[in-house]
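Participant: show me how the following folds:
(one chain, ligands or ions: 1)
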Amino acid sequence: MKQKLEEIRASAMRELAEATGPQALETLRVKYLGKKGEVTAILKQMGKLTPEERPVIGELANKVRTFIEEDLTKRAAELKAEATKKRLELERIDVTLPGTHRELGVPHPLSIVLDEIKEIFVGMGFDIVEGPEVEYDYYNFEALNIPKDHPARDTQDTFYINDNIVLRTQTSPVQIRVMEKQQPPIRVISPGRVYRSDAVDATHSPLFHQIEGLVVDKGVTFADLKGTLETFVKRLYGEDSVVRFRPHHFPFTEPSAEVDVQCFNCHGEGCRLCKGEGWIEILGCGMVHPKVLSNCGIDPEVYSGFALGMGLERVVMRRYNIDDLRLFYENDVRFLKQF
Ligand code: DAH
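Facilitator: Purely as a prediction, here's the structure:
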């Protein structure tokens, strides 16, 4: 029995050294120390021993048991340390390596200024509305008092989808859509893309942006138009800006005007920026034509209104002294990062 215990101790030691994980350790614990384990089996046979042998074998069996228990604990700790070491190796990161650099985008100059313009008009009580870019001929022209033979319909300017449908050449059709749906009081601006069949150069692009404005209510006069636009220009270009209204013609307004801002570069002297004029044209406007109102079911005897349309690119070019329209669409980050 003594020899048997020595053998158990030796084989337990060997097998424990070879165990590779907690599962294997548990199997060994059961094999040696479990209820049906080898050491337990010896202890169960103690009854067969002589009284002299019993304490000797008993002591030895207990020693072997304690020895295996300690060995189990030791091996478990070893395995755990090994696993931790392996994981640390595996998950090691070199903190001296350069990180992944992600470029942060910036708002496009057109968006920066458009946001400002929206904010100014919203501050004056305007709502922001949108309309379709693929538009019926009726909304883009007819309802705006631009009949079939009007030069603005020249096929050279307009992209026709078919006889009735065009890519809108202006944001003015949104006026019609708003007035058809809503009775006065109306106070809206409508920014968006417009299209004209122009060749690309420093001042032309087949796609550009306009911002339309429309106010209709009882008793709206040209004085309201002037006041609104003066406020707008001063907020956009500074309190000391000077505004000028020049008579003009648009089919959908009567009377009509173009608005110039005194060149903020030369203060009216004439320079490269204003092409020697001293003034810079920024928008078209006028009192909504009675025919346009009645086209939309609004009684021109009761209501009056004003409208305006401005080209966003122009406003932005003047704001940042940009001399080539193409820069807006080329997405060259060296350009875009400057704003
Ligand atoms: N739609 C005109 C254009 O593209 C701009 C314009 C002028 C809009 C006068 C208006 C307006 O609403 O009243 O040239």
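
Participant: tell me which residue of the stretch 151-300 of the chain lies closest to the ligand.
Facilitator: Per Cβ to the nearest ligand atom, Gly284 is where the stretch 151-300 of the chain lies closest to the ligand, at 2.9 Å. (C-beta placed from N, C-alpha, C; glycine too.)

Participant: no, scratch that, I was asking about the stretch 201-339 of the chain
Facilitator: For the stretch 201-339 of the chain and the ligand, the shortest gap (Cβ to the nearest ligand atom) falls at Gly309, measuring 2.3 Å.

Participant: so what's that residue bridging to?
Facilitator: Listed by DSSP bridges, the beta-bridge partners for Gly309 are Glu212, Gly284.

Participant: neighbours around it, how many?
Facilitator: By other Cβ atoms under 10 Å, 22 other residues sit near Gly309.

Participant: who touches it in this structure?
Facilitator: Gln170, Thr171, Ser172, Gln210, Ile211, Glu212, Gly213, Leu283, Gly284, Cys285 (Cβ atoms under 8 Å, 6 or more residues apart in numbering).

Participant: repeat that for Phe222.
Facilitator: Contact analysis of Phe222 by Cβ under 8 Å, 6+ apart lists Pro255, Met287, Phe306.

Participant: is the first one in a helix, a strand, or coil?
Facilitator: Following DSSP: H, G, I helix; E, B strand; the rest coil, Pro255 is assigned to strand.

Participant: show me which of the contacts of Phe222 are buried.
Facilitator: Buried members of those, scored by 16 or more other Cβ atoms under 10 Å, are Met287, Phe306.

Participant: mind putting the contacts of Phe222 in TSV, distance to the ligand included?
Facilitator: Shown next, in TSV, are the contacts of Phe222 (distance: Cβ to the nearest ligand atom, whole Å):
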residue	distance to the ligand
Pro255	10
Met287	8
Phe306	7
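
Participant: pick the one among the contacts of Phe222 closest to Phe67.
Facilitator: Phe306 (102.0 Å; Cβ to Cβ).

Participant: isn't that closest one right next to Ala223, touching?
Facilitator: No: judged on Cβ atoms under 8 Å, Phe306 makes no contact with Ala223 at a distance of 9.9 Å.

Participant: now do the helix ranked longest in the chain: which elements does it pack against?
Facilitator: Using DSSP state H to define each element, the chain has its longest helix at helix 53-90. Contact here means 3 or more Cβ pairs under 8 Å, 6 or more residues apart in numbering; DSSP states H and E; on that basis helix 53-90 packs against helix 2-18, helix 22-33, helix 38-44.

Participant: what angle separates it from helix 22-33?
Facilitator: Here helix 53-90 runs at an angle of 180 degrees relative to helix 22-33 (axes from the mean of the first three to the mean of the last three Cα atoms, to 10 degrees).

Participant: state the mean pLDDT of helix 53-90.
Facilitator: Confidence over helix 53-90 (mean pLDDT, whole number) is 85.

Participant: leaving out sequence neighbours, find the closest residue to the residue in the stretch 1-150 of the chain that the ligand sits nearest to.
Facilitator: Taking Cβ to the nearest ligand atom, the ligand has its nearest neighbour within the stretch 1-150 of the chain at Leu144, 8.0 Å off. Spatial nearest neighbour of Leu144, chain neighbours left out: Phe252 (4.2 Å); criterion: Cβ to Cβ, 6 or more residues apart in numbering.

Participant: how far away is the one you found from Leu336?
Facilitator: From Phe252 over to Leu336 the distance is 35 Å, taken as Cβ to Cβ, to the nearest Å.

Participant: same question for Glu6.
Facilitator: For Glu6 relative to Leu336 (Cβ to Cβ), the value is 84 Å.

Participant: same check on Gln45?
Facilitator: From Gln45 to Leu336 the distance is 89 Å (Cβ to Cβ).

Participant: more neighbours: which of those two?
Facilitator: Leu336 (16 against 12).
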